[in-house]
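Peer 1: below is the sequence, then the predicted model.
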Amino acid sequence: AQSVSQHNHHVILSEAASLELGCNYSYGGTVNLFWYVQYPGQHLQLLLKYFSGDPLVKGIKGFEAEFIKSKFSFNLRKPSVQWSDTAEYFCAVPSYSNSGYALNFGKGTSLLVTP
Amino acid sequence: GAVVSQHPSWVICKSGTSVKIECRSLDFQATTMFWYRQFPKQSLMLMATSNEGSKATYEQGVEKDKFLINHASLTLSTLTVTSAHPEDSSFYICSARGRTGTFEAFFGQGTRLTVV
């Protein structure tokens, strides 16, 4: 089954620093990729998604991600983080399992942005 | 984006009792609904999927008699944790997908279940 791995489990940045969170998927072929964010006490929200076409995907709140097929990667970036970006970030990929296709999530990266 | 509402947001129950969690798609028809479980500081683990017109399908290791899922309509799914025990305490999240032809899903706000 398709899976994703996130390498950074905890990241601490100062405001205005640049952010890059890693996400690698397990194997090639047609792949859809997602980044979700979970703010403290809130539900998962979609940041951005890649289905096909331009490998540089722009999402909400200034986030972007680049699909690099040769590296099996879909890293999330933001040039200048804000305190309000403090949250848990999850990379996800559709994966076929016992119950059909569902989103399979990485372990998540906890981002803390300090003033 | 589409809205998924989950209720209650948190619940405390006594060991041995059952708890029902509701998940509603408010502005679209959810042909597929998913139930996940999230342990503290960990990722979401898929428990089961229910498709329109068919029974829920459970992931390996998930007890279907303990976690009863009903996809009553295209806008409502329920998860009932039967005879809950402290080890069932967790954060349960529902997700719904419509007839978009993509894999994008929308998430409820989650339910914090504490069994005492």
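Peer 2: Nice, thanks for sending it over.
Peer 1: give me every residue in chain B lying close to chain A.
Peer 2: B:1, B:4, B:6, B:32, B:34, B:41-44, B:46, B:48-49, B:51, B:56-60, B:93, B:95, B:102-110 (C-beta under 8 Å from any C-beta of the partner chain). For the C-beta atoms, the positions are set from N, CA and C on the backbone; glycine is no exception.
Peer 1: please indicate which of those residues are buried?
Peer 2: Buried members of the residues of chain B next to chain A, scored by 16 or more other C-beta atoms under 10 Å in any protein chain shown, are B:4, B:6, B:32, B:34, B:43-44, B:46, B:48-49, B:51, B:56-59, B:93, B:95, B:103-108, B:110.
Peer 1: how many other residues sit next to residue 73?
Peer 2: No chain specified, so I'll use chain A. A count of nearby residues for residue A:73, using other C-beta atoms under 10 Å in any protein chain shown, gives 17.
Peer 1: wait, chain B
Peer 2: 12.
Peer 1: give me the nearest residue to the most centrally placed residue in chain B, chain neighbours excluded.
Peer 2: Computing the C-alpha centroid of chain B and ranking residues by C-alpha atoms, centre = their mean puts residue B:35 first, at 3.5 Å. Nearest non-adjacent residue to residue B:35, counting by C-beta to C-beta, 6 or more residues apart in numbering or on different chains: residue B:47, 4.6 Å away.
Peer 1: now swap in residue A:104 and tell me
Peer 2: residue A:95 (3.8 Å).
Peer 1: likewise residue A:55?
Peer 2: residue A:67 (4.1 Å).
Peer 1: for that neighbour, which three-state class applies?
Peer 2: Following DSSP: H, G, I helix; E, B strand; the rest coil, we place residue A:67 in the strand state.
Peer 1: ok, back up a step: tell me which element the residue nearest to residue B:35 is part of?
Peer 2: When secondary structure is defined by DSSP states H and E, residue B:47 falls within strand B:44-51.
Peer 1: which elements pack onto the helix or strand just after that strand?
Peer 2: Later in the chain than strand B:44-51, the nearest helix or strand by DSSP H and E is strand B:57-58. Judged by 3 or more C-beta pairs under 8 Å, 6 or more residues apart in numbering or on different chains; DSSP states H and E, strand B:57-58 is in contact with strand B:44-51.
Peer 1: now the biggest strand by length in chain A against strand B:44-51, angle please.
Peer 2: Ranked by residue count under DSSP state E, the longest strand found in chain A is strand A:87-97. What separates the directions of strand A:87-97 and strand B:44-51 is an angle of 50 degrees, with axes from the mean of the first three to the mean of the last three C-alpha atoms, to 10 degrees.
Peer 1: chain center to strand A:87-97, what's the gap?
Peer 2: 8 Å (C-alpha atoms, centre = their mean, to the nearest Å).
Peer 1: for that strand, buried residues please.
Peer 2: Result for strand A:87-97 [16+ other C-beta under 10 Å]: buried residues A:87, A:88, A:89, A:90, A:91, A:92, A:93, A:94, A:95, A:97.
Peer 1: helices or strands up against it?
Peer 2: strand A:4-5, strand A:33-38, strand A:73-78, strand A:100-105, strand A:109-114.
Peer 1: between that strand and strand A:73-78, how big is the angle?
Peer 2: 160 degrees.
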